[in-house]
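Q: Okay, here's the prediction I keep looking at, along with the sequence it came from:
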Amino acid sequence: MKRNQKQQRERQPAERSFHIQPKNKNQQMLLDAISDFPITVALGCAGVGKTYIAASKVAQLFLAGGYDHIILARANVGVGSTLGFLPGTADEKLEPWLFPIISVLEKQLTKFKYDYYLNKKVIQLVPLEVIRGRSFENSLVIVDEAQNLSIEELKAVTTRMGENSKMILCGDATQSDVGRGSGILSFAAMCERNGIDLPVVEFGLSDIVRSDIVGKLVRMFYQENI
(Lines give C-alpha, C1' and ligand atoms only; values in the text may rest on other atoms or scores of the structure.)
Protein backbone atom coordinates (compact mmCIF):
# COMPACT_ATOMS: atom_id res chain seq x y z
CA MET A 1 0.00 0.00 0.00
CA LYS A 2 2.78 2.43 0.89
CA ARG A 3 4.53 1.63 -2.37
CA ASN A 4 1.35 2.30 -4.38
CA GLN A 5 0.86 5.59 -2.58
CA LYS A 6 4.43 6.58 -3.38
CA GLN A 7 3.94 5.70 -7.06
CA GLN A 8 0.74 7.75 -7.11
CA ARG A 9 2.55 10.78 -5.67
CA GLU A 10 5.29 10.40 -8.24
CA ARG A 11 2.76 10.11 -11.08
CA GLN A 12 0.83 13.27 -10.28
CA PRO A 13 1.79 16.80 -9.20
CA ALA A 14 0.21 18.20 -6.05
CA GLU A 15 -3.55 18.59 -6.55
CA ARG A 16 -5.85 21.46 -5.72
CA SER A 17 -9.61 21.80 -5.49
CA PHE A 18 -11.80 24.56 -6.85
CA HIS A 19 -15.44 25.61 -6.84
CA ILE A 20 -17.62 25.81 -9.94
CA GLN A 21 -20.17 28.62 -9.77
CA PRO A 22 -23.08 28.03 -12.21
CA LYS A 23 -24.59 31.13 -13.79
CA ASN A 24 -28.09 29.74 -14.33
CA LYS A 25 -30.27 26.75 -13.43
CA ASN A 26 -29.36 24.76 -16.54
CA GLN A 27 -25.67 25.00 -15.74
CA GLN A 28 -26.48 23.70 -12.25
CA MET A 29 -28.56 20.91 -13.77
CA LEU A 30 -25.60 19.93 -15.95
CA LEU A 31 -23.25 19.86 -12.96
CA ASP A 32 -25.70 17.66 -11.04
CA ALA A 33 -26.30 15.33 -13.98
CA ILE A 34 -22.58 14.74 -14.51
CA SER A 35 -22.22 13.94 -10.81
CA ASP A 36 -25.17 11.55 -10.70
CA PHE A 37 -25.18 9.69 -14.03
CA PRO A 38 -22.62 7.75 -16.10
CA ILE A 39 -23.61 9.42 -19.40
CA THR A 40 -24.95 12.96 -19.78
CA VAL A 41 -26.03 14.87 -22.88
CA ALA A 42 -25.59 18.67 -22.92
CA LEU A 43 -27.25 20.48 -25.81
CA GLY A 44 -27.26 24.17 -26.59
CA CYS A 45 -26.08 26.95 -28.86
CA ALA A 46 -22.75 28.73 -28.64
CA GLY A 47 -22.22 30.88 -25.56
CA VAL A 48 -24.33 28.97 -23.02
CA GLY A 49 -21.29 27.54 -21.22
CA LYS A 50 -22.01 23.83 -21.76
CA THR A 51 -18.41 23.03 -22.72
CA TYR A 52 -17.02 25.18 -19.91
CA ILE A 53 -19.23 23.51 -17.31
CA ALA A 54 -18.56 20.00 -18.63
CA ALA A 55 -14.77 20.45 -18.76
CA SER A 56 -14.68 22.19 -15.39
CA LYS A 57 -16.69 19.39 -13.75
CA VAL A 58 -14.40 16.77 -15.30
CA ALA A 59 -11.35 18.61 -13.93
CA GLN A 60 -12.97 18.85 -10.49
CA LEU A 61 -13.86 15.14 -10.41
CA PHE A 62 -10.39 14.18 -11.57
CA LEU A 63 -8.67 16.28 -8.93
CA ALA A 64 -10.91 14.75 -6.26
CA GLY A 65 -9.45 11.33 -7.10
CA GLY A 66 -10.89 8.02 -8.23
CA TYR A 67 -10.26 8.41 -11.96
CA ASP A 68 -7.16 7.49 -13.94
CA HIS A 69 -7.73 9.26 -17.25
CA ILE A 70 -9.41 12.19 -18.97
CA ILE A 71 -10.38 11.31 -22.54
CA LEU A 72 -11.14 14.09 -25.04
CA ALA A 73 -12.79 13.35 -28.37
CA ARG A 74 -14.56 15.37 -31.03
CA ALA A 75 -16.39 14.75 -34.29
CA ASN A 76 -13.76 15.67 -36.87
CA VAL A 77 -16.01 17.44 -39.34
CA GLY A 78 -15.47 20.71 -41.14
CA VAL A 79 -12.32 20.42 -43.27
CA GLY A 80 -12.71 16.80 -44.28
CA SER A 81 -13.70 13.52 -42.70
CA THR A 82 -10.21 12.53 -41.61
CA LEU A 83 -7.30 14.01 -39.68
CA GLY A 84 -4.80 12.22 -41.88
CA PHE A 85 -4.03 15.24 -44.04
CA LEU A 86 -3.09 17.47 -41.11
CA PRO A 87 0.61 17.58 -40.15
CA GLY A 88 2.00 16.47 -36.80
CA THR A 89 1.28 13.80 -34.23
CA ALA A 90 -2.22 12.59 -33.40
CA ASP A 91 -2.31 14.97 -30.40
CA GLU A 92 -1.14 17.90 -32.53
CA LYS A 93 -3.78 17.12 -35.13
CA LEU A 94 -6.56 17.00 -32.55
CA GLU A 95 -5.57 20.01 -30.44
CA PRO A 96 -7.12 22.65 -32.75
CA TRP A 97 -10.42 20.75 -32.77
CA LEU A 98 -10.44 20.31 -29.00
CA PHE A 99 -9.11 23.76 -28.06
CA PRO A 100 -12.35 24.92 -26.31
CA ILE A 101 -12.13 21.96 -23.90
CA ILE A 102 -8.35 22.08 -23.56
CA SER A 103 -8.38 25.78 -22.63
CA VAL A 104 -10.82 25.09 -19.77
CA LEU A 105 -8.75 22.15 -18.50
CA GLU A 106 -5.59 24.29 -18.63
CA LYS A 107 -7.35 26.91 -16.54
CA GLN A 108 -8.79 24.52 -13.96
CA LEU A 109 -5.86 22.12 -13.71
CA THR A 110 -3.20 24.77 -14.48
CA LYS A 111 -1.25 24.74 -17.74
CA PHE A 112 1.68 22.95 -16.07
CA LYS A 113 -0.44 20.04 -14.86
CA TYR A 114 -2.37 19.79 -18.12
CA ASP A 115 0.90 19.45 -20.06
CA TYR A 116 2.20 16.98 -17.46
CA TYR A 117 -0.88 14.77 -17.67
CA LEU A 118 -0.91 14.94 -21.47
CA ASN A 119 2.75 13.89 -21.60
CA LYS A 120 2.05 11.00 -19.19
CA LYS A 121 -1.02 9.90 -21.24
CA VAL A 122 -3.25 10.57 -18.24
CA ILE A 123 -5.07 13.02 -20.51
CA GLN A 124 -5.63 11.46 -23.92
CA LEU A 125 -6.85 13.04 -27.16
CA VAL A 126 -8.60 10.26 -29.04
CA PRO A 127 -9.75 10.45 -32.69
CA LEU A 128 -13.24 9.05 -33.05
CA GLU A 129 -12.03 7.30 -36.17
CA VAL A 130 -10.00 4.85 -34.05
CA ILE A 131 -12.19 4.65 -30.96
CA ARG A 132 -13.62 1.24 -31.87
CA GLY A 133 -12.00 -1.57 -29.94
CA ARG A 134 -10.99 0.60 -26.99
CA SER A 135 -12.48 0.45 -23.50
CA PHE A 136 -12.31 3.35 -21.08
CA GLU A 137 -11.97 2.23 -17.46
CA ASN A 138 -11.86 4.72 -14.57
CA SER A 139 -12.08 7.51 -17.10
CA LEU A 140 -13.82 10.85 -17.59
CA VAL A 141 -14.76 11.24 -21.26
CA ILE A 142 -15.89 14.39 -23.06
CA VAL A 143 -17.17 14.15 -26.64
CA ASP A 144 -17.60 17.59 -28.20
CA GLU A 145 -19.69 18.51 -31.27
CA ALA A 146 -21.72 15.34 -30.69
CA GLN A 147 -24.49 16.63 -32.99
CA ASN A 148 -22.27 15.60 -35.90
CA LEU A 149 -22.26 11.94 -34.88
CA SER A 150 -24.52 9.37 -36.50
CA ILE A 151 -26.33 6.72 -34.48
CA GLU A 152 -23.66 4.23 -35.54
CA GLU A 153 -20.89 6.52 -34.29
CA LEU A 154 -22.74 7.18 -31.04
CA LYS A 155 -23.05 3.42 -30.60
CA ALA A 156 -19.30 3.02 -31.14
CA VAL A 157 -18.49 5.80 -28.66
CA THR A 158 -20.93 5.10 -25.83
CA THR A 159 -20.32 1.34 -25.78
CA ARG A 160 -16.63 2.02 -25.04
CA MET A 161 -17.60 2.89 -21.47
CA GLY A 162 -15.98 0.69 -18.83
CA GLU A 163 -16.23 0.45 -15.05
CA ASN A 164 -16.20 3.65 -12.98
CA SER A 165 -16.36 6.00 -15.95
CA LYS A 166 -18.39 9.02 -16.97
CA MET A 167 -19.10 10.43 -20.42
CA ILE A 168 -20.47 13.83 -21.43
CA LEU A 169 -21.79 14.34 -24.96
CA CYS A 170 -21.81 18.06 -25.81
CA GLY A 171 -23.39 19.56 -28.90
CA ASP A 172 -25.98 21.75 -30.55
CA ALA A 173 -28.83 19.68 -31.94
CA THR A 174 -29.89 22.51 -34.27
CA GLN A 175 -26.46 22.66 -35.90
CA SER A 176 -24.92 19.93 -38.03
CA ASP A 177 -21.91 20.15 -40.34
CA VAL A 178 -22.88 16.92 -42.07
CA GLY A 179 -25.75 16.21 -44.41
CA ARG A 180 -27.10 13.19 -42.54
CA GLY A 181 -28.58 15.28 -39.74
CA SER A 182 -28.24 14.87 -36.00
CA GLY A 183 -28.26 11.47 -34.35
CA ILE A 184 -27.96 12.80 -30.81
CA LEU A 185 -31.71 13.37 -30.33
CA SER A 186 -32.48 9.97 -31.81
CA PHE A 187 -29.99 8.45 -29.39
CA ALA A 188 -31.65 10.21 -26.43
CA ALA A 189 -35.11 9.09 -27.57
CA MET A 190 -33.87 5.52 -28.01
CA CYS A 191 -32.51 5.49 -24.45
CA GLU A 192 -35.84 6.77 -23.11
CA ARG A 193 -37.79 4.06 -24.98
CA ASN A 194 -35.55 1.39 -23.51
CA GLY A 195 -35.64 2.63 -19.91
CA ILE A 196 -32.05 3.91 -19.82
CA ASP A 197 -31.54 6.90 -17.53
CA LEU A 198 -29.88 9.47 -19.79
CA PRO A 199 -30.20 13.06 -18.58
CA VAL A 200 -30.44 15.56 -21.44
CA VAL A 201 -29.76 19.14 -20.33
CA GLU A 202 -31.00 21.54 -23.00
CA PHE A 203 -29.84 25.16 -22.95
CA GLY A 204 -31.87 27.89 -24.63
CA LEU A 205 -31.04 31.33 -26.02
CA SER A 206 -31.85 32.82 -22.62
CA ASP A 207 -28.96 30.81 -21.15
CA ILE A 208 -26.27 32.59 -23.19
CA VAL A 209 -23.66 33.87 -20.76
CA ARG A 210 -21.09 35.38 -23.12
CA SER A 211 -20.82 39.10 -23.91
CA ASP A 212 -23.87 41.04 -25.06
CA ILE A 213 -22.70 41.19 -28.68
CA VAL A 214 -22.18 37.42 -28.81
CA GLY A 215 -25.64 36.84 -27.40
CA LYS A 216 -27.14 39.20 -29.97
CA LEU A 217 -25.26 37.54 -32.81
CA VAL A 218 -26.28 34.02 -31.77
CA ARG A 219 -29.92 35.07 -31.48
CA MET A 220 -29.72 36.79 -34.90
CA PHE A 221 -28.34 33.69 -36.60
CA TYR A 222 -31.00 31.50 -35.00
CA GLN A 223 -33.77 33.86 -36.02
CA GLU A 224 -32.40 33.96 -39.58
CA ASN A 225 -32.16 30.14 -39.54
CA ILE A 226 -28.42 30.25 -40.25
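A: Great, that's in hand. Numbering: from 1, shown residues only.
Q: Which parts of this structure are helices?
A: 2-11, 25-36, 50-64, 90-109, 111-119, 151-158, 184-193, 212-223 (DSSP state H).
Q: if we look at the fifth one, which residues are touching it?
A: Under the criterion Cβ atoms under 8 Å, 6 or more residues apart in numbering, residues 12-13, 70, 91, 102, 105-106, 109, 122-123, 125 lie in contact with helix 111-119. Bear in mind the C-beta positions are built from the backbone N, C-alpha and C, glycine included.
Q: how about 7 Å then?
A: Contacts of helix 111-119 with the rest of the structure, by Cβ atoms under 7 Å, 6 or more residues apart in numbering, involve 13, 91, 105-106, 123.
Q: likewise the shortest one?
A: Contacts of helix 151-158 from elsewhere in the structure, counted by Cβ under 7 Å, 6+ apart, are 39, 128, 131-132, 143, 149, 167, 183, 186-187.
Q: lowest confidence element among the helices and strands of the chain?
A: Least confident helix or strand of the chain, by mean pLDDT, DSSP states H and E, is helix 2-11 with a mean of 44.
Q: which residue is nearest the middle of this structure?
A: I142 (2.5 Å; Cα atoms, centre = their mean).
Q: who touches it in this structure?
A: Counting by Cβ under 7 Å, 6+ apart, I142 has contacts 54-55, 58, 72, 101, 168, 170.
Q: can I get those residues in CSV with distance to L43?
A: Formatted as CSV, these follow (distance: Cβ to Cβ, whole Å):
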residue, distance to L43
A54, 12
A55, 16
V58, 18
L72, 19
I101, 16
I168, 11
C170, 8
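Q: In terms of mean pLDDT, which of the helices of the chain ranks lowest?
A: Mean pLDDT values for the helices of the chain show the minimum at helix 2-11, a mean of 44.
Q: No further questions, thank you.
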